[in-house]
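**Q** Curious how this folds, go ahead:
(one chain, ligands or ions: 1)
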Amino acid sequence: MEWGREPYNNFTVLRAKFDQWFAEKAVEQGALLVCETVAVECIVENGRVVGVRTDRPDGDIYADVVVLADGVNSLLAKQLGFHREWRPDEVALATMEILKLDKTVIEDRFNLEPNQGCTIEIFGDATKGIVGTGFLYTNKDTLSIGVGTLLSGLIKHKMKPYDLLEYVKNHPMIRPYIQGSEPVEYLAHLIPEGGYHSIPKVAGNGVLVVGDAAQLVNAIHREGSNMAMTSGRLAAETIIMAKAQNDFSESMLDQYRMKLMESFIGQDLKKYKDATHHFERFPQYFEQYIPMMNRAASQMFTVDGASKWEKQKKIWRDLGSTKQKFKLARDMMKAWKVMK
Ligand SMILES: Cc1cc2nc3c(=O)[nH]c(=O)nc-3n(C[C@H](O)[C@H](O)[C@H](O)COP(=O)(O)OP(=O)(O)OC[C@H]3O[C@@H](n4cnc5c(N)ncnc54)[C@H](O)[C@@H]3O)c2cc1C
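**A** Just a heads-up that it's a prediction; the model follows:
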């Protein structure tokens, strides 16, 4: 309930609209916005990045510091040797649809007041045992539905991402929510989920890396936009300092990395540094334990004349041999350790 009161701190946004609005804010503060232009490579002189080459005629742009904010693939940071090609277990592939539905139907169906929103996280069966989650959330007159799983999981399970999305959309728990809606947009996008261990070099001579380009995503809490914006702010603060001293060297700009690590971004990524990799390395959590919990809950809450003691005994028996139970307990301890 408290999230429904001012000051609001949670929103759903459609990027096509939000990005334009946000860019206008930068322009209001004096930024020059150059649209429909690809930065092809960094211009490096005497070991220092001094600008970017664009695909426009006479399109070289020079700057004291270049901030690379070119998203998950960050070909420019790769070109500088800051990172290699991401491994399939360092990126998730999210497929998503935007579904048009009447505003009043959305409010009735999701029990919402005007201007309220609802998000449903879909965990377990939706990803067919692959590490990841599905999501469904409301916008004003559209719904966003999607599923994101590690690329390595899709490869291992030979699963096509759009098949997984179809599976989620047709799931009996989800289908009634989206009934009668019309798809208006489809997207597939990589999300950097390598976490703390995958953060590349983020500062060099005349250059900084922010957002997805620096692998700044908290996969457990599904946060990325806030980290992209905060890392942009920390980069700007570092550049202001560097400008005051007219020093754009790597050792000066490396203060950005320190700020990053001291902020909630570094702290949160450190907290979950082994989480995604743990669940990816030990598939039993998603493949066995989640279905096992579902079965146990279903048995416990089915009213069939059997006493709750009998049900508990059956659930306990279904956990398997003593050895299997010890393994389960050990795995739960390990999961607690990587999440704590
Ligand atoms: C399906 C999905 C759902 C998500 N949900 C959430 C959520 O609920 N909450 C949350 O906090 N985060 C969420 N995220 C993550 C979030 O979107 C990202 O972390 C965030 O957008 C990163 O911002 P960015 O500016 O670093 O990169 P991006 O948003 O990817 O922006 C990079 C931009 O650079 C452009 N670009 C790339 N290369 C070049 C080049 N060479 N020249 C010029 N331009 C270039 C790209 O076209 C793009 O516009 C989600 C991501 C996906 C895919």
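
**Q** Give the residue farthest from the middle of the chain.
**A** Most distant residue from the mean C-alpha position of the chain: residue 305, 45.0 Å away (CA atoms, centre = their mean).

**Q** From the ligand, how far out is that residue?
**A** Residue 305 sits at a distance of 45 Å from the ligand (criterion: CB to the nearest ligand atom, to the nearest Å). (Glycine included, C-beta is placed from N, CA and C.)

**Q** That residue sits in which helix or strand?
**A** Assigned by DSSP states H and E, residue 305 belongs to neither a helix nor a strand.

**Q** repeat for residue 332
**A** Applying DSSP H and E as the criterion places residue 332 in helix 322-339.

**Q** What of residue 194?
**A** According to DSSP H and E, residue 194 maps onto no helix or strand at all.

**Q** Residue 50 falls within a helix, correct?
**A** No: going by DSSP: H, G, I helix; E, B strand; the rest coil, the assignment for residue 50 is strand, not a helix.

**Q** who touches it in this structure?
**A** The contact partners of residue 50, by CB atoms under 8 Å, 6 or more residues apart in numbering, come to 43, 44, 62, 63, 66, 206.

**Q** which residues touch the residue farthest from the centre of the chain?
**A** With CB under 8 Å, 6+ apart, residue 305 has no contacts at all.

**Q** Report pLDDT for it.
**A** pLDDT recorded at residue 305 is 95.

**Q** repeat for residue 142
**A** We have a pLDDT of 96 for residue 142.

**Q** Phi and psi next, for it.
**A** phi -140, psi 160 (degrees, to the nearest 10).

**Q** For the residue lying closest to it once chain neighbours are set aside, give the beta-bridge partners.
**A** The shortest distance from residue 142 to any residue other than its chain neighbours is 5.0 Å, reached at residue 98 (CB to CB, 6 or more residues apart in numbering). With DSSP bridges as the criterion, residue 98 is bridged to residue 144, residue 185.

**Q** Is it correct that residue 98 is in contact with residue 14?
**A** Yes: taking CB atoms under 8 Å as the definition, residue 98 is a contact partner of residue 14 at 7.4 Å.

**Q** More neighbours: which of the two?
**A** Higher neighbour count among residue 98 and residue 14: residue 98, with 19 against 13, using other CB atoms under 10 Å.

**Q** what sits against the more buried one?
**A** By CB under 8 Å, 6+ apart, the residues touching residue 98 are 14, 139, 142, 143, 144, 183, 184, 185, 186.

**Q** So which residue is smack in the middle of the chain?
**A** Centre-nearest of the chain using CA atoms, centre = their mean is residue 222, 4.5 Å out.

**Q** ok, and the helix or strand in the chain with the lowest average confidence?
**A** Scoring the helices and strands of the chain by mean pLDDT, DSSP states H and E places helix 275-281 at the bottom, with a mean of 86.

**Q** buried set for that one?
**A** Of all the residues in helix 275-281, those buried under the rule 16 or more other CB atoms under 10 Å are 275, 276, 277, 278, 279, 280.
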